[in-house]
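K.L.:
The following comprises the amino acid sequence and a computationally predicted model.
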Amino acid sequence: MLIIGSHVSMSGSNMYLGSVMEALSYGSNAFMVYTGAPQNTIRKPIKDLMIEEAKVYMSEHGLSFDHVVVHAPYIINLANPDPEKRAFAISFLTEEVKRTQAMQAKQIVLHPGSAVGKDRVQAIKWIAEGVKKVIENTKDSNVKIALETMAGKGNEVGKTFEELKEIIDLVNEPNRVSVCFDTCHTHDAGYDVKENFQSVIEHFDQVVGTKYISVFHVNDSKNIKGASKDRHENIGFGEIGYDSLLKVIYHPDFNDIPKILETPYVDGKPPYKEEIEMIRNKVFIPNLKDIISQ
Ligand code: FE
Ligand code: FE
Ligand code: ZN
């Protein structure tokens with residue numbers, strides 16, 4: 001069965017319940033949320049997240065929490081050279097993992113970090129140290145920390161599969177660490193997702209192991225392969241293209257892995273209902289953006 005959804009919001013009075021409702025309105029059977037604004041670390045207490053209400057609604061509509069993904073805020077940098085900021089990142093991420101667990105989700109996506117002082121070797125050590133501490137702080141949890149493949153914008157760590165492998169090895173907690181494979185990011189990082197996803201995934205398997213992939217972010221890209229830009233485009237409207245993204249989405253090795261769209265809004269409107277329909281129907285709609293913006 002295709003497990004597909006999108007990023008949805010978790011805000012207002014309905015919080016997590018609202019996320020479930022939004023996902024269902026797009027015809028999704030999976031979704032991803034930030035536990036608050038992605039650009040800050042202000043978070044509501046767990047008791048105010050409407051988790052019980054979300055649970056009831058999920059089961060009434062036959063959705064599984066196995067297909068719910070949390071995304072950590074992207075301002076968190078485990079590789080910050082300032083030790084106080086690194087300590088804050090670790091304590092905040094610890095709380096995020098606890099929230100993820102309380103929300104019954106099985107994984108939290110994390111941008112590995114940015115090598116601010118440009119020393120990537122040191123950055124990778126700090127990231128691994130940080131992830132290890134967060135895992136120690138949440139020993140009773142089985143939530144996975146899914147390290148995202150990055151576009152390589154600025155000094156982002158995780159642009160290559162080798163860097164992710166290094167972090168995974170240093171953390172040495174195979175049951176608690178996984179990978180979020182982002183199609184826009186890997187394309188922007190220089191991997192040939194457009195022409196040869198099969199060889200990219202075989203390369204990933206040799207370096208990291210495909211068993212580590214716990215979620216896909218399916219996005220087209222506004223930029224050419226290797227641009228290191230990280231600008232998402234709607235499915236079929238970018239440099240990767242519809243047919244190539246469909247090969248990722250329907251790859252037989254990843255049937256059980258959630259596919260999450262993080263494509264941009266069109267004229268202020270979420271594109272996910274239409275994009276998911278277009279993916280399920282397996283036929284590209286060239287005027288999809290016009291349909292969405294109507
Ligand atoms: Fe991300
Ligand atoms: Fe992503
Ligand atoms: Zn991105």
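P.N.:
Alright, I've got the coordinates. Ligands and ions are numbered 1, 2, ... in the order given.

K.L.:
part of a helix, is residue 23?
P.N.:
Yes: assigned with DSSP: H, G, I helix; E, B strand; the rest coil, residue 23 falls within a helix.

K.L.:
can you count the residues close to it?
P.N.:
25 (other Cβ atoms under 10 Å). Where C-beta positions appear, they are placed from N, C-alpha and C, glycine not excepted.

K.L.:
Relative to residue 294, how far out is it?
P.N.:
Applying Cβ to Cβ, to the nearest Å, the value for residue 23 to residue 294 is 22 Å.

K.L.:
just residue 97 next, same as before
P.N.:
For residue 97 relative to residue 294 (Cβ to Cβ), the value is 41 Å.

K.L.:
Please identify which of these two sits among more neighbours.
P.N.:
Legend: neighbour count by other Cβ under 10 Å for residue 97 and residue 294, higher for residue 97 (24 against 7).

K.L.:
in which helix or strand would I find the more buried one?
P.N.:
helix 83-102 (DSSP states H and E).

K.L.:
who does that helix touch, helix- and strand-wise?
P.N.:
strand 68-71, strand 107-110, helix 120-137 (3 or more Cβ pairs under 8 Å, 6 or more residues apart in numbering; DSSP states H and E).

K.L.:
other SSEs contacting the first one?
P.N.:
Right, the one you point to is strand 68-71. Against strand 68-71 (3+ Cβ pairs under 8 Å, 6+ apart) you get strand 30-33, helix 83-102, strand 107-110.

K.L.:
Make JSON lines out of the ones you listed and add mean pLDDT and distance to residue 211.
P.N.:
Output for these, formatted as JSON lines (pLDDT from 0 to 100; distance: least, Cβ to Cβ, whole Å):
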{"stretch": "strand 30-33", "mean pLDDT": "98", "distance to residue 211": "19"}
{"stretch": "helix 83-102", "mean pLDDT": "97", "distance to residue 211": "21"}
{"stretch": "strand 107-110", "mean pLDDT": "98", "distance to residue 211": "14"}
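
K.L.:
Ligand 2: which of those is closest?
P.N.:
strand 107-110 (7.0 Å; Cβ to the ion).

K.L.:
In its sheet, which strands sit next to the closest one, and in what direction?
P.N.:
Strands that pair with strand 107-110, judged by DSSP bridges, come out as strand 68-71 (parallel), strand 144-148 (parallel).

K.L.:
What residues of that strand count as buried?
P.N.:
107-110 (16 or more other Cβ atoms under 10 Å).

K.L.:
same deal with stretch 186-196?
P.N.:
For stretch 186-196, burial by neighbour count (16+ other Cβ under 10 Å) applies to 186-189, 191-194.

K.L.:
same deal with stretch 225-237?
P.N.:
So, applying 16+ other Cβ under 10 Å, buried residues of stretch 225-237: 225, 227-237.

K.L.:
is it anywhere near ligand 2?
P.N.:
No: residues of stretch 225-237 are not located near ligand 2 by Cβ under 5 Å from the ion, the shortest gap being 7.8 Å.

K.L.:
I'd like the average pLDDT over that stretch.
P.N.:
Across stretch 225-237, pLDDT averages out at 98.

K.L.:
picking that back up, report the buried residues of the helix holding residue 97.
P.N.:
86, 89-90, 92-102.

K.L.:
Kindly indicate which of those residues lies nearest residue 133.
P.N.:
Distances from residue 133 to these, taken as Cβ to Cβ, are shortest for residue 90 (5.0 Å).
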